[in-house]
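Student: return atomic coordinates for the entry below.
(one chain, ligands or ions: 1)
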Amino acid sequence: MVKSSGKLESIALALFVTMFFSPVNNAFSLESAKNNQTHAATHDTSHAASNAASHESSHKTATTAAHGGSHAATHGASSSSHEVSGLSPEESLEKLLAGYRRFQTDTASQKDLKKAISETANSQSPFAAIVTCSDSRVPPELIFDANIGELFIVRVAGNVSEPYSVGSVEYAVEHLGTRLVVVLGHSKCGAVSAALSKLREGNITYLVHKIEPGIKDIIKNQAQIQDKVTVASKQNMKYQIMKLIESSSAIEEKYKSGKIKIIGMYYDVAQGIMTIENH
Ligand SMILES: [Zn+2]
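Tutor: You can find the predicted model right below:
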């Protein structure tokens with residue numbers, strides 16, 4: 001008896017929180033949309049509307065879903081939302097790019113980290129998996145203005161596809177519902193430079209061996225190539241995508257059937273600019 005009344009109280013509290021605080025989120029988001037002017041906000045809100053309705057309904061009863069749907073659009077508009085499960089690959093990409101636009105225009109969202117920690121305490125549903133380099137100038141959470149629980153990140157010098165990184169991505173797409181995978185290469189990459197100079201040094205040699213096959217032609221003709229590190233980094237990113245797909249039957253099946261999207265991006269560390277290279 002005590003138990004069931006406790007449950008009812010929790011449900012009532014949840015409903016109260018939803019109904020009472022949604023307009024607050026609404027106001028906050030409208031305010032931040034105003035501050036953000038047109039850039040990220042317009043894109044993000046229109047897109048968030050469809051996502052949010054689905055994530056809301058999965059967390060609430062059918063009766064509150066419709067109600068929650070209308071407010072949820074703005075909740076999703078701030079990137080502090082963690083309830084992102086159910087996003088399609090395209091929606092995930094839109095969300096990621098909206099975050100990047102906020103980063104680029106210096107309008108990163110305010111994040112309630114404690115709230116994010118408590119919301120993700122028991123589960124995670126990151127909307128994107130990012131495979132990128134360990135380079136300290138390429139921090140995905142900052143570049144994509146993401147909060148705790150939103151990005152599943154694999155970092156290894158040269159963003160190489162080897163069993164540990166492939167296994168990590170496999171886990172995200174198989175068990176966490178992640179439907180967007182990004183391999184993010186970058187300019188002035190030390191690992192790619194090491195491969196270009198055929199460096200053999202301790203365990204770095206293993207990384208170099210994973211990069212060399214994809215940039216063989218550049219290594220051979222590098223004297224004639226202007227900005228060879230940039231050219232090689234972009235080619236390495238594409239090569240690592242190919243290795244990622246061919247090293248995992250689970251990833252390959254999901255990719256070929258369109259259940260997941262795998263995209264190559266390139267980040268310029270001097271300009272702070274990211275481009276989509278391989279869509
Ligand atoms: Zn690098």
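Student: next SSE after the helix or strand bottoming out on mean pLDDT in the chain?
Tutor: Taking mean pLDDT, DSSP states H and E as the measure, the helices and strands of the chain show their lowest mean at helix 62-77, namely a mean of 35. Using DSSP states H and E, the helix or strand that directly follows helix 62-77 along the chain is helix 89-104.
Student: buried set for that next one?
Tutor: Across helix 89-104, burial judged by 16 or more other C-beta atoms under 10 Å covers 89, 91-104. Placement of C-beta: from N, CA and C, glycine included.
Student: check stretch 132-148 too.
Tutor: Neighbour counts over stretch 132-148 (16+ other C-beta under 10 Å) mark 132-133, 135, 138, 140-141, 143-148 as buried.
Student: contact residues of this protein facing the ion?
Tutor: Taking C-beta under 5 Å from the ion, the part of the chain that reaches the ion is made up of 133, 135, 189, 191.
Student: on the three-state scheme, Ile130 is what?
Tutor: The three-state assignment at Ile130 reads strand, by DSSP: H, G, I helix; E, B strand; the rest coil.
Student: how far away is it from the ion?
Tutor: Going from Ile130 to the ion by C-beta to the ion, to the nearest Å gives 14 Å.
Student: do Ile245 as well
Tutor: Here the criterion is C-beta to the ion. By it, Ile245 lies 21 Å from the ion.
Student: ok so, going back, which of the residues of the chain next to the ion lies closest to Tyr171?
Tutor: Taking C-beta to C-beta as the measure, Tyr171 sits nearest to Cys133 out of these, at 20.1 Å.
Student: that closest one contacts Val183, doesn't it?
Tutor: No - the criterion here is C-beta atoms under 8 Å, and Cys133 misses it with Val183 at 10.1 Å.
Student: who touches both of these two?
Tutor: Common neighbours of Cys133 and Val183 (criterion: C-beta atoms under 8 Å, 6 or more residues apart in numbering): Asn159.
Student: which is the next helix or strand following the helix or strand hosting Glu252?
Tutor: Using DSSP H and E, Glu252 maps to helix 249-256. The element immediately downstream of helix 249-256 (helix or strand, assigned by DSSP H and E) is strand 261-268.
Student: got the angle between that following strand and helix 89-104?
Tutor: Strand 261-268 runs at 20 degrees relative to helix 89-104, counting by axes from the mean of the first three to the mean of the last three C-alpha atoms, to 10 degrees.
Student: ok, and what's touching strand 261-268?
Tutor: 89-90, 92-93, 138, 143, 179-187, 233-234, 237-238, 241, 244-245, 251, 255, 273-279.
Student: so what strands line up beside it?
Tutor: Strand partners for strand 261-268, identified by DSSP bridges, are recorded as strand 180-186 (parallel), strand 273-278 (antiparallel).
Student: pLDDT wise, what is Ala108 at?
Tutor: The predicted structure scores Ala108 at 97 on the pLDDT scale.
Student: so what's it closest to, chain neighbours aside?
Tutor: In this structure, Ala108 finds its nearest non-sequential neighbour in Asp145, 4.6 Å apart by C-beta to C-beta, 6 or more residues apart in numbering.
Student: tell me how far Glu94 lies from the ion.
Tutor: Glu94 is 27 Å from the ion, where distance means C-beta to the ion.
Student: for Lys210, see how far away that residue is.
Tutor: 31 Å (C-beta to C-beta, to the nearest Å).
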